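Trainee: sequence and predicted structure are below.
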Amino acid sequence: MAVIEWLKVNVAVPALVFLGVFFISLWLRRLIYNAFQRWLKERKTEVGKVIVAATRRAFLHWLLILGAYIAVEVSVLSPQWKSLAAKILGSIFVAYLGWILIRLSRELIGFYLNRAKTSDRAITITMSIVQVTIIVVGILILLEVWEVPLTPVFIALAAALAAAVLVFRDVFPSLFSGLQLAQQKQIKVGDSIRLESGEEGRVEEITWRNTRIKTLDGSIIIIPNTKLMQTTIVNYGRQAKAATEPFQFSTRLDLRELTGLSARNLSQLVSRLREVPDAVVYYHTHAFVEEYQFLTPQPTNDFALWVQDALGYDILAERLASIDTFEFPTIEALRQMIGGVIQDFLAQTVHEREAPFGNEFHFIKSISVILPTPYVARNLRDFIGILRKISIGSLYFHIFEAKLRLQRGTNDFSVWFEDCLGEKELAEQVTRLDPYNYTLENLREMIIELCEKKL
Amino acid sequence: MNPIINVKDYEPVVGKGHIEELRMLATRLSGKTVVNINSTLVGGGVAEILSRVVPLLNQLGVNVRWQIISGEARFFKVTKKLHNALHGKAESISDDDLSLFLETSERNLSQIDFSGDILFIHDPQPVALITKKSNIGRKWIWRCHIDISQPDSRVWEFLTPFITNYDAAVFSSPNFAQQLPIRQFFAPPSIDPLSDKNRELSAEAVDAVLTKYHLNQDKPIILQVSRFDRLKDPLGVIKTFELVRRNFACQLILAGGTASDDPESGEVLQEVRERAGDNSDIHILDIPPGSDVDINALQTAATIVMQKSLREGFALTIAEALWKAKPVVASAVGGIPLQVRNRLTGLLCHSIEGAAYALRQLLANPDYGHWLGRNGREHVRQHFLVTREIKDYLLTFLTLERKEDVIYL
């Protein structure tokens, strides 16, 4: 009887308590998980499945540990044994929970970062950081459970943490910024963006630390994610329609060659005008375009200026100034027109005036040196970005030189818009702009405006 | 002391595109060596331009060296006479003077290291070095910084055989072009916007310089900065000032320096001081070479800047004043009309009376002066900064052997 009584008190009660706690907890787990799964179903989220898969079986084991703990507590074991059992069960629980958290974090980090197209390296580093953190926290709890003095451990940990912060001081902000970028989806790989600095380009890669941008001139800019998050960015999104052929921007630099020829009166001017090369006529009808970019409206061609300033022929100056260079397909035709206007005026002039000494008209020859630039536009968005930053020389070459000096009929931009982008209307609008009536900067803005309307 | 300047520092001033173009040109010259030769390392416009152009070209990747010819004081007296005669001033130049010029040039031929691909010779002092061309070959370019629109015929005939032996010449103004059998290029000189002479100064820095020279801004300041040289007409400036002062309260500052290759400047300075007499509104400042911040401060403090030269190569002081957005009154000589487009970027004059009239217009209408000054600054930004001069030189070096009008590099 005594044995039976002993068994009742020492085994049956704890066993019943263990079983009772276990079955009640099992019932509760079912309720909780069913509710959780219903909630997940409504929200159609994939994350819940990951959490359920990782914790469902472990939850059962944790309930067994809970049951065992309560059973020990209601048993008649001495307080020392109860304490020892509680520590062992607590340690098993902490280790098991830590292991599950590590598994869960690995799944969740992999799930989120892969979806954000984060690099493998970034995923591995993030997982490692989280795992180390869980292990360290787990060990600290275990030490607390086993009543080990924690002060030296905390000091060592603080020192290690400080060292880690020092070593990785630039890494963490970038990492978090990278995660934020990925999470908020403000910038994606393949987007065309414009930075606050004016640089434009395409996002090639977003790593856990930097974002790599290929600029319009083909160079690569690597920006730390922290800086990228702090700056104002214009995101144009995905690329515009691709051109059948890219547009290669060239630039034109001018060298002025002195001919040694000069004129002091109209007869000499018209006589020299007939014999000088086209490059001289071109120079004197175009120098003002580049020389007076700061004045709107710009002064006129050199012939009109000289006739007015040095000879005082206001009427002739007006006639020469009103010659519309834009209308002429060749320099020779322009030369004939200028010569004709002066000749007509001379025919009605009895006494020719002479320019004062030092105010002669000096014939200058324009030498254009053409260089390819690193800028290549593959779509209209690229084109606008490049047009914003190319030099005045480049704009001048594609607008002025292309049409008259290289006799391409119209400007290079219009040809590309129509032939390679199929933008006939845009091509016509740019062709219709009379560039001689604008400063080059105004012209740049007007073309950009027309292009932007097309996007 | 000017800080060390990097080519990239010019991007905010002239735009990134321009600097990229310079780099593209310089790349095409890599492997070539350019040797600059002139007569002085300090003082005067040429030394000032080279002190900037040479390091910047080297930074761009072009191997550029700078050498000077040496000579006794007598030699530089002769070259000064030649300089004046090329400007059209009557000078008594003896056969002995010309012999001394040739002998000193001959001596320099054995002292200068000519190893390089392009020899860039500045002004008439070293022009006769070309006699060695047949021995050492290579490309020779004569860079003429002075006004040779009306050269003394005897001196011009003496120099012509040397000049025509060059492969090309570079002049600062179309007016200086001559009938020569060689190619002639046009490249106006330039100023450096980042140098001590042209960078923006604080009001405190300007005040400190004015105090140093016992000046104040109580009255509008009319300033001429130039060497004490008769061709700069300092006496004409004083006369102009006296005409203006009848109706307008103002003060005149004549700030001058000297150069080691100009032995006349001390004599002219004395004449100017005597002419100014005890007029307390006329300040004659003898400023030593290298006082760039002082010059900058004076130009910044000025109300109007004058350059009433009788002959002029280019007058960099005008570009400096325009860069500081100052209204300028200047003689229509040499390269000045390139910088001062009459009534657009400043006012041109042809006489003392004309200069006085222009000064009165500006003193009476400050807004008009500001408008001219703003235009002038933009004009300088586009045409007279050191980056443009570097571009011209690079293009000259690269296209020396090309005859086409449109050259693809």
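Mentor: Perfect, thanks for sending it. Residues are numbered from 1 along each chain as shown, chains lettered A, B, ... in the order given.

Trainee: for whichever residue of the stretch 301-450 of chain A sits closest to chain B, what are its contacts?
Mentor: Ranking the residues of the stretch 301-450 of chain A by distance to chain B (Cβ to the nearest Cβ) places A:Ser391 first, at 3.1 Å. Every residue, glycine included, has its C-beta placed from N, CA and C. A:Ser391 makes contact with A:Thr251, B:Gly15, B:Gly17, B:His18, B:Glu20, B:Glu21, according to Cβ atoms under 8 Å, 6 or more residues apart in numbering or on different chains.

Trainee: roughly how far is whatever helix or strand A:Ser267 lives in from the heart of the chain?
Mentor: Element membership for A:Ser267, per DSSP states H and E: helix A:266-275. Its chain's C-alpha centre lies 56 Å from the corresponding centre of helix A:266-275 when counted by Cα atoms, centre = their mean, to the nearest Å.

Trainee: likewise stretch A:85-101?
Mentor: Here stretch A:85-101 shows a centroid-to-chain-centroid distance of 48 Å under the convention Cα atoms, centre = their mean.

Trainee: and if you look at stretch B:14-21?
Mentor: 24 Å.

Trainee: that one vs chain A: in contact?
Mentor: Yes. Stretch B:14-21 is in contact with chain A by Cβ under 8 Å from any Cβ of the partner chain, via B:Gly15, B:Lys16, B:Gly17, B:His18, B:Glu20, B:Glu21.

Trainee: list the buried residues in that stretch.
Mentor: Within stretch B:14-21, the residues that count as buried by 16 or more other Cβ atoms under 10 Å in any protein chain shown are B:Val14, B:Gly15, B:Gly17, B:His18, B:Ile19, B:Glu20, B:Glu21.

Trainee: the last one reaches A:Ile370, doesn't it?
Mentor: No. In this structure, B:Glu21 sits apart from A:Ile370 without contact. The criterion is Cβ atoms under 8 Å, and the distance is 11.4 Å.

Trainee: what touches both of the two?
Mentor: Common neighbours of B:Glu21 and A:Ile370, using Cβ under 8 Å, 6+ apart, are A:Thr251.

Trainee: below-threshold pLDDT in the stretch 351-455 of chain A: ranges please.
Mentor: Applying pLDDT under 70 to the stretch 351-455 of chain A flags no residue at all.

Trainee: could you pull out the helices for it?
Mentor: Assigned by DSSP state H, counting those that start in this stretch, the stretch 351-455 of chain A shows helices spanning A:380-389, A:392-396, A:412-421, A:424-432, A:440-454.

Trainee: what's the most buried one of those helices?
Mentor: Mean neighbour count, computed with mean count of other Cβ atoms under 10 Å in any protein chain shown, is highest for helix A:392-396 among the helices of the stretch 351-455 of chain A, reaching a mean of 23.

Trainee: against which helices or strands is that helix packed?
Mentor: With contacts taken as 3 or more Cβ pairs under 8 Å, 6 or more residues apart in numbering or on different chains; DSSP states H and E, helix A:392-396 sits against strand A:242-263, helix A:278-291, helix A:440-454, helix B:16-27.

Trainee: 10 Å instead, please
Mentor: strand A:242-263, helix A:278-291, strand A:361-379, helix A:380-389, helix A:440-454, helix B:16-27 (3 or more Cβ pairs under 10 Å, 6 or more residues apart in numbering or on different chains; DSSP states H and E).

Trainee: what count of nearby residues applies to residue 129?
Mentor: As the question left the chain open, I've gone with chain A. A:Ile129 has 17 neighbours, counted by other Cβ atoms under 10 Å in any protein chain shown.

Trainee: nope, chain B please
Mentor: Counted with other Cβ under 10 Å, B:Leu129 comes out at 22.

Trainee: wasn't it part of a helix?
Mentor: Yes. Looking at B:Leu129 with DSSP: H, G, I helix; E, B strand; the rest coil, it is inside a helix.

Trainee: does B:Gly369 touch B:Arg360 like I think?
Mentor: No. Between B:Gly369 and B:Arg360 there is no contact under Cβ atoms under 10 Å: 11.6 Å.

Trainee: more neighbours: which of the two?
Mentor: Set side by side, B:Gly369 and B:Arg360 show more neighbours around B:Gly369, with 22 against 16, by other Cβ under 10 Å.
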